[in-house]
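J.: model this:
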Amino acid sequence: SGNGSRLPLPVLLQLLLLLAAIGSGPLAHAQQPSATVTIVGQNGNCTCNNTTQTLQCMYQGVTALPASLSICSSLTYLDLSGNNLTFVPPGLLQGLSSLTFFAASSSSITSLPESLFNGLTMLSQVQIVSNLLTLLPPGLLR
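T.: Next comes the predicted model:
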């Protein structure tokens, strides 16, 4: 009487154990994307989050960059070449401790902030050729 819709207790326990095992598997602990940051360009947008490792945002007609890309904490490769940039925010690369490559060539950058590369101990390659730079700040590559 009224027991037709209930699972027997041993079956219910097995089902709960199976669900618990699935919930603690490798997928449950994978790093999940959180917030994103978008670089807006006239020819297209580039988006990254905390799982993005490579961001190639070249020739997109970008004229302004966000104050920071720190949300993109897994970035190892960032290429902003061929855009219409004149200014790079001082905190753009702050918090990108895994960054090994940065490029912003063939743009219209007139100056770079001295603190741009601060804390980027993994950075091994910087490409900033073909810009309007006349002087690099003394502490830029410390």
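
J.: give the buried residues for stretch 97-116.
T.: Buried residues in stretch 97-116, counted by 16 or more other CB atoms under 10 Å: 98-99, 101-107, 109, 112-113, 115-116. The way it works is simple: take the backbone N, C-alpha and C, and place the C-beta from them, glycine included.

J.: ends of that stretch, what's the gap?
T.: Stretch 97-116 has an end-to-end distance of 12 Å (CA to CA, to the nearest Å).

J.: picking up where we left off before, could I get the buried residues of stretch 97-116 as a markdown table with distance to L75, pLDDT and secondary structure?
T.: Shown next, in a markdown table, are the buried residues of stretch 97-116 (distance: CB to CB, whole Å; pLDDT from 0 to 100; DSSP: H, G, I helix; E, B strand; the rest coil):
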| residue | distance to L75 | pLDDT | secondary structure |
| --- | --- | --- | --- |
| S98 | 7 | 97 | coil |
| L99 | 6 | 97 | coil |
| F101 | 9 | 98 | strand |
| F102 | 9 | 97 | strand |
| A103 | 13 | 97 | strand |
| A104 | 14 | 97 | coil |
| S105 | 18 | 97 | coil |
| S106 | 21 | 97 | coil |
| S107 | 19 | 94 | coil |
| I109 | 19 | 96 | coil |
| L112 | 18 | 95 | coil |
| P113 | 18 | 95 | coil |
| S115 | 18 | 94 | coil |
| L116 | 15 | 95 | coil |
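
J.: from those, pick the one nearest T76.
T.: Checking the buried residues of stretch 97-116 against T76 by CB to CB gives S98 as the nearest, at 5.1 Å.

J.: how close does the closest one get to L123?
T.: From S98 across to L123, the span is 10 Å (CB to CB, to the nearest Å).

J.: done for today, thanks.
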